[in-house]
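structure here, sequence nowhere to be found:
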């Protein structure tokens, strides 16, 4: 493994969770090497990777400037990055607001990730599409968006009156699921206007554009 960069980040070219951490690394101006695992070859379950992440999923990160510390679970990684590498709190907050920030990261991990992932699986990838199962997860996607809407209708950002990791953490799953997995006639801007505007502003950030340009390039190369 090369140690020329500050971090080694294990990910996947398509998986949304794998792209949450690069956004934060870019926001903080930290150098990193991306190592993409081939799920079709079982590389995420092989000993060469599970020595870093025994759960066999992405992402995982190695901090070469902190005694090769290894972390997995994206929200744990994100919290570590801002705690250790955001001394000016450019995308994080302090005091009591730090716990509200953590609250939203937990909500992302438990409320957004699993149902959005299941909605995507059954709507896009599964050969079988049980109507009741699709309806359940599509309804849960909308419920989570309604939670965000109830807050964002009254304030621009989730925590501290500025963009933080609380906001940035939601980008990949929203971007991946909303266009394809909710329902054919879903109108994001009409049903959840404040949340749609918030997501648009986040996605237009130069760091996010850079990360997604790389992702698009990698996916295009896969499809050649």
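That came through fine. Just so we're clear, the structure is a prediction, and the values are computed from it rather than from any experiment.

which pLDDT value does the model give residue 1?
What the model reports for residue 1 is a pLDDT of 53.

low-confidence stretches in the chain?
When residues are selected by pLDDT under 70, those of the chain lie in 1-3, 224.

gap between stretch 27-41 and the chain center?
Taking Cα atoms, centre = their mean, to the nearest Å, one finds the center of stretch 27-41 at 13 Å from the center of the full chain.

list the buried residues in the top helix by length along the chain.
Counting residues, the longest helix in the chain under DSSP state H turns out to be helix 131-152. Under the neighbour-count criterion of 16 or more other Cβ atoms under 10 Å, helix 131-152 has 134, 137-138, 140-142, 144-145, 148-149, 152 buried. C-betas here are computed from N, CA, C, even on glycine.

off-centre distance for the following helix or strand past it?
With elements assigned by DSSP states H and E, the helix or strand that comes after helix 131-152 is helix 165-168. From the chain centre to the centre of helix 165-168 is a distance of 9 Å (Cα atoms, centre = their mean).

from here on, count from 797
Renumbered: residue one is now 797, and that last one reads helix 961-964.

now do helix 961-964: which elements does it pack against?
Using 3 or more Cβ pairs under 8 Å, 6 or more residues apart in numbering; DSSP states H and E, the elements in contact with helix 961-964 are helix 816-823, helix 870-881, helix 893-903, helix 989-999.

so what touches the second one?
With Cβ atoms under 8 Å, 6 or more residues apart in numbering as the contact definition, helix 870-881 has outside contacts at 813, 816-817, 820-821, 824, 826, 855-857, 859, 862, 867, 885, 887-888, 898, 901-902, 904-905, 961, 965.

that one vs helix 816-823, what angle?
Angular relation of helix 870-881 and helix 816-823 on a 0 to 180 degree scale: 20 degrees, by axes from the mean of the first three to the mean of the last three Cα atoms, to 10 degrees.

distance-wise, check the residue nearest to residue 904 when sequence neighbours are not counted relative to residue 921.
In space, residue 904 comes closest to residue 965 once its chain neighbours are excluded; the distance is 4.7 Å by Cβ to Cβ, 6 or more residues apart in numbering. Summarising the geometry, the distance separating residue 965 from residue 921, computed by Cβ to Cβ, to the nearest Å, is 23 Å.

and those two? Which one has more around it.
Set side by side, residue 965 and residue 921 show unequal neighbour counts under other Cβ atoms under 10 Å, the larger going to residue 965 at 26 against 9.

got the contact list for the more buried one?
Residue 965 sits next to 816, 870-871, 874, 900-901, 904 when contact means Cβ under 8 Å, 6+ apart.

now with 10 Å?
By Cβ atoms under 10 Å, 6 or more residues apart in numbering, the contact list for residue 965 reads 816-817, 819-820, 870-871, 874-875, 897, 900-901, 903-905, 908-909, 954.

ok, residue 893 next?
Taking Cβ under 10 Å, 6+ apart as the definition of contact, the neighbours of residue 893 are 885, 955-957, 960, 962.
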